[in-house]
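>>> Have a look; sequence and predicted model below, questions after that.
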Amino acid sequence: QVQVVESGGDLVQAGGSLRLSCAASGSIFLINAMGWFRQAPGKERELVAAITSGGSTDYVDSVKGRFTISTISRDNAKKTNTVSLQMNSLKPEDTAVYYCAVRRVIDTGYGYWGQGTQVTVSS
């Protein structure tokens, strides 16, 4: 099992920056990717950014050049993986609940999710 906790959401003005953090703990040795998703009211959840344990990244087009996902940092002693999402030049359309998710090598997709953190960008 993996427990996922996000933090860092806040209210920010357009053009501002935020950094979201995610910690995954538990059976981390099977984790091969971590990702950030978001869901705005009335919209479907979308993948914002993801990174594999090998360092390959993927971004939704709307955030390319503005958002950066960090590499996965592993602390074996604490059995924790961490990843962050640096968000710059924020726009009102970035307003959403942001979720961190974890994929393991034995899973077909992202099977473990955090509770979400609210990001609100005012115009």
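Noted; the coordinates are in hand.

>>> quick one: the strands in this structure?
Ranges of strands in the chain, per DSSP state E, are 2-7, 11-13, 18-26, 31-39, 46-52, 57-59, 67-69, 73-75, 80-87, 96-104, 110-113, 117-122.

>>> Output those strands in CSV; the columns should cover mean neighbour count and mean pLDDT.
C-beta: built from backbone N, CA, C; applies to glycine. As requested, the strands of the chain are arranged in CSV below (neighbours: other C-beta atoms under 10 Å; pLDDT from 0 to 100):
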stretch, mean neighbour count, mean pLDDT
strand 2-7, 18, 97
strand 11-13, 13, 98
strand 18-26, 20, 97
strand 31-39, 21, 97
strand 46-52, 19, 98
strand 57-59, 15, 98
strand 67-69, 20, 98
strand 73-75, 13, 92
strand 80-87, 21, 97
strand 96-104, 23, 97
strand 110-113, 17, 96
strand 117-122, 17, 98
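
>>> Just give me the residue closest to the centre of this structure.
Geometric centre of the chain, nearest residue: Trp36, 2.6 Å, by C-alpha atoms, centre = their mean.

>>> Now do that one against Asn81, distance only.
With distances taken as C-beta to C-beta, to the nearest Å, Trp36 is found 14 Å from Asn81.

>>> and what of Thr52?
Distance from Thr52 to Asn81, by C-beta to C-beta: 12 Å.
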